[in-house]
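A.B. asks: Coordinates for the following, if possible.
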Amino acid sequence: MTWRDLAVAAGQVPGATGQAVGYPALFVLVALGALVPVIPTGALVSSAAVVAFHQDALPFGVLLVFAVSASAAFAGDVALYWLGRRGVRSRNGSRWLQALRGRATPERLEQARTKLDEHGVLVLVVSRLLPAGRIPVMLACLLAEMPLRRFARGDAPACLAWAATYGLIGILGGSLFSEPWKGVALAVGLTLLISAGPALWRRARGGGSQEG
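C.D. replies: Sure, this is the predicted structure:
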């Protein structure tokens, strides 16, 4: 189920039936997005919040989106960290650990390790909110051989803050339009802009430096 499906469900599917389908799908997609960082999980959460905002069960529906999203993100993060720890302990590594290394540049990894040394697990909260910030910090935690339990204690508030942030984006989109699909379009646009903004900024600065 995509954010378009969620928007259609808001207008065409009865509340109880739509919730029975939508919330489990949201959990699965967000958890998979944490494991395989190619699914736009922020956009999914914001879109689900738009749909919940327009349903009759307000504010219960929005709170449920928040709870499901935070739980799914936490489950995916912990599963990925556990798989990464298996790679750290193994002499031959693992494909999960190699995938994490491939998504973190040496510069970003070094920055994450420095911040981890200075601030401990609190840096996990910030990393979850920054675009492309989660993987370098998680990899830094793995290389520092942080126990899974300690990582989970830091990741729990990070996932709560992340779900709340993207849920609020969805509430904003839902409050501006009477039709759910318009709110979904705005929420998706905002989340994609947030995700792509830093990369576009670095590219623009790099281009400007070369011209200078």
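A.B. asks: now residue 169: how far from residue 141?
C.D. replies: Distance of residue 169 to residue 141, computed by C-beta to C-beta, to the nearest Å: 27 Å. In short, each C-beta sits where N, CA and C put it, glycine included.
A.B. asks: Looking only at neighbour counts, state which of those two leads.
C.D. replies: Per other C-beta atoms under 10 Å, whichever of residue 169 and residue 141 has more neighbours is residue 141, with 26 against 23.
A.B. asks: For the more buried one, which three-state class applies?
C.D. replies: Following DSSP: H, G, I helix; E, B strand; the rest coil, residue 141 is assigned to helix.
A.B. asks: Lowest average confidence across helices and strands of this structure, where is it?
C.D. replies: The helix or strand of the chain with the lowest confidence, counting by mean pLDDT, DSSP states H and E, is helix 3-12 at a mean of 44.
A.B. asks: For stretch 138-156, measure first residue to last.
C.D. replies: For stretch 138-156, the first and last residues are 13 Å from each other (C-alpha to C-alpha, to the nearest Å).
A.B. asks: make that stretch 51-65, sorry
C.D. replies: End-to-end distance of stretch 51-65: 10 Å, with C-alpha to C-alpha as the criterion.
A.B. asks: chain center to that stretch, what's the gap?
C.D. replies: Taking C-alpha atoms, centre = their mean, to the nearest Å, the mean C-alpha location of stretch 51-65 is offset from the chain mean by 20 Å.
A.B. asks: pLDDT averaged over that stretch, what's the number?
C.D. replies: Predicted confidence along stretch 51-65 averages 80 (mean pLDDT).
A.B. asks: same thing with stretch 86-95?
C.D. replies: Computed over stretch 86-95, the mean pLDDT rounds to 71.
A.B. asks: and if you look at stretch 105-122?
C.D. replies: 88.
A.B. asks: contacting residues for residue 77?
C.D. replies: By C-beta atoms under 8 Å, 6 or more residues apart in numbering, residue 77 lies in contact with 34, 134, 138, 155, 158, 159.
A.B. asks: those helices in this protein, which residues are they?
C.D. replies: Secondary structure of the chain by DSSP state H: the helices cover 3-12, 15-35, 41-53, 60-89, 95-102, 106-119, 123-129, 134-143, 148-176, 180-211.
A.B. asks: okay, these, which one's buried deepest?
C.D. replies: Most buried of these by mean neighbour count (mean count of other C-beta atoms under 10 Å) is helix 41-53; its value is a mean of 29.
A.B. asks: Pull the distance from that one to the chain's centre.
C.D. replies: Relative to the chain's own centre, helix 41-53 is displaced by 12 Å; criterion: C-alpha atoms, centre = their mean.
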